[in-house]
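> curious how this folds, go ahead:
(one chain, ligands or ions: 1)
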Amino acid sequence: MKATNNVDAQVRHLDFDSGTALAAALASRVAQALAEAIESRGQATLAVSGGSTPKRFFAELSKQPISWGKVTVTLVDERMVGPEHERSNHRLASQHLLQNRAADAGFVPLHMKSENAESAAANAAERIEALALPFDVVVLGMGTDGHTASFFPGGTTLAQVTDPACPASVMAIEAPGADEPRLTLTLPRIIEAGLLVLHIEGEAKRAVLASALEPGPEQAMPVRAVLRQAKRPLEIYWAP
Ligand SMILES: O=C(O)[C@H](O)[C@@H](O)[C@H](O)[C@H](O)COP(=O)(O)O
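Residues are numbered from 1 along each chain as shown. Just a heads-up that it's a prediction; the model follows:
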């Protein structure tokens, strides 16, 4: 495993030779942070993202020997579909993370059937705010359009969800061309995490990250809101 480690003002880059090496290192790093939280507070909270990138990491994390019964897992964002739907992040987490030793973890869904998107967001916010905040660990992904969480360029509530003073913990957002509306943690809940990680893989996303680290409008590349407002160095895990 090769990990280069340079720390800019707000980001710490950790590059690996392979997705396999990255998954092992990130699983160990997250497990360490959760174990430290359990040691100091008797419990730990973890919010993870969906997509295809995290699957190997989830599998490695699920095997980590920590007191999973004291960990509560939730989602950074969720499509407004049922937990059995193929696009559900709840389903993704159940299939790839809440297995093996991590099967003992508690899980708080972000989306539960509600009258409309706004009530779904309000109900989700209540569940999130009932957890021991701030999150001990938040793991983000990124799309090649520069979105993270469900902070999509052109999203209906993008200005609100990326506002560092956003009063809500969870909001609904509709992205142009998306199959369904989404629920997303808002920026404050993300940047206050004890350990904040951005996990990306591939040359295309490496180039998008480089562009996002340049000066430019946040709304065009919403991941910039996290890069610029993170309260402690954001750990960026990358593999080819
Ligand atoms: O629900 C989601 O899809 C994620 O929360 C989203 O923000 C994801 O992290 C990126 O879209 C990257 O997805 P890939 O890993 O599939 O490229």
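> need phi/psi at the residue sitting furthest away from the middle of the chain.
In the chain, counting by CA atoms, centre = their mean, Glu115 sits farthest out from the average C-alpha position, at 25.9 Å. Backbone torsions of Glu115, given as degrees, to the nearest 10, read phi -60, psi -40.
> distance check, it against the ligand.
The gap separating Glu115 from the ligand is 23 Å, by CB to the nearest ligand atom, to the nearest Å. (Glycine included, C-beta is placed from N, CA and C.)
> find the residue closest to Arg87 in space, skipping its chain neighbours.
Nearest in space to Arg87, with sequence neighbours left out and distances taken as CB to CB, 6 or more residues apart in numbering, is Arg79 at 4.9 Å.
> point out the residues in this protein that sit beside the ligand.
49-53, 76-77, 89, 141-143, 147-149 (CB under 6 Å from any ligand atom).
> so which of those are in strands?
With strands taken from DSSP state E, the overlap with the residues of the chain next to the ligand comprises Asp77.
> now do the strands in this protein.
For the chain, the strands defined by DSSP E occupy 4-7, 11-15, 44-48, 71-75, 77-79, 106-107, 137-140, 170-173, 182-185, 195-201, 234-239.
> pLDDT below threshold where in the chain?
Counting by pLDDT under 70, the ranges of the chain that qualify are 1-9.
> show me where it has helices.
For the chain, helices defined by DSSP state H occupy the ranges 19-41, 55-62, 89-96, 117-129, 158-161, 187-191, 203-212, 223-229.
> hey, which of those is tucked in deepest?
Greatest average neighbour count among those goes to helix 187-191 (a mean of 23), per mean count of other CB atoms under 10 Å.
> contacts for that helix, please.
47, 76, 128, 133-135, 138, 140, 149, 151, 161-166, 169-170, 196, 225-226, 229-231 (CB atoms under 8 Å, 6 or more residues apart in numbering).
> what subset of these is buried?
Listed as buried from these are 47, 76, 128, 134-135, 138, 140, 149, 151, 161-163, 166, 169-170, 196, 225-226, 229-230; burial here means 16 or more other CB atoms under 10 Å.
> can I get the strands of the chain in a markdown table with distance to Pro215?
Listed next are the strands of the chain as a markdown table, based on distance: least, CB to CB, whole Å:
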| stretch | distance to Pro215 |
| --- | --- |
| strand 4-7 | 20 |
| strand 11-15 | 15 |
| strand 44-48 | 29 |
| strand 71-75 | 31 |
| strand 77-79 | 26 |
| strand 106-107 | 39 |
| strand 137-140 | 21 |
| strand 170-173 | 25 |
| strand 182-185 | 25 |
| strand 195-201 | 19 |
| strand 234-239 | 17 |
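> can you say which of those strands is packed in most?
strand 182-185 (a mean of 29).
> which other helices and strands does that one contact?
Secondary-structure packing of strand 182-185 (3 or more CB pairs under 8 Å, 6 or more residues apart in numbering; DSSP states H and E): strand 77-79, helix 117-129, strand 170-173.
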